[in-house]
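Visitor: build the 3D model from these lines:
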Amino acid sequence: MSDTVKDLQAQAARDYAQHNTPERQAEARIQNGLARIHGHEAASAPRGTK
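Guide: Next comes the predicted model:
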């Protein structure tokens, strides 16, 4: 592998570790769950008179 590829892989590993901490992963799971809950609520909400 070239030095450029090694440098890019090292940079990618650092960026991944920085942005994918356990705390951020937990926040993402919570937000995903809340979005699903609110989406299900909105989908089953009455839409005017029938």
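
Visitor: quick one: the helices in the protein?
Guide: Here the chain has its helices, by DSSP state H, at 3-19, 22-44.

Visitor: contacts for the first one?
Guide: In other words, helix 3-19. Applying C-beta atoms under 8 Å, 6 or more residues apart in numbering, helix 3-19 turns out to have no external contacts. Any C-beta I mention is one placed from the backbone N, CA and C, and that applies to glycine too.

Visitor: what angle do that helix and helix 22-44 make?
Guide: 70 degrees (axes from the mean of the first three to the mean of the last three C-alpha atoms, to 10 degrees).

Visitor: mind telling me which of the helices of the chain the model trusts least?
Guide: Among the helices of the chain, helix 22-44 has the lowest mean pLDDT, at a mean of 88.

Visitor: dump the helices of the chain to CSV, plus mean neighbour count.
Guide: Compiled in CSV, the helices of the chain are given as follows (neighbours: other C-beta atoms under 10 Å):
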stretch, mean neighbour count
helix 3-19, 10
helix 22-44, 10
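
Visitor: just give me the residue right at the centre of the chain.
Guide: The centre of the chain sits closest to residue 28, judged by C-alpha atoms, centre = their mean, with a distance of 4.8 Å.

Visitor: tell me how far that residue lies from residue 35.
Guide: 10 Å (C-beta to C-beta, to the nearest Å).
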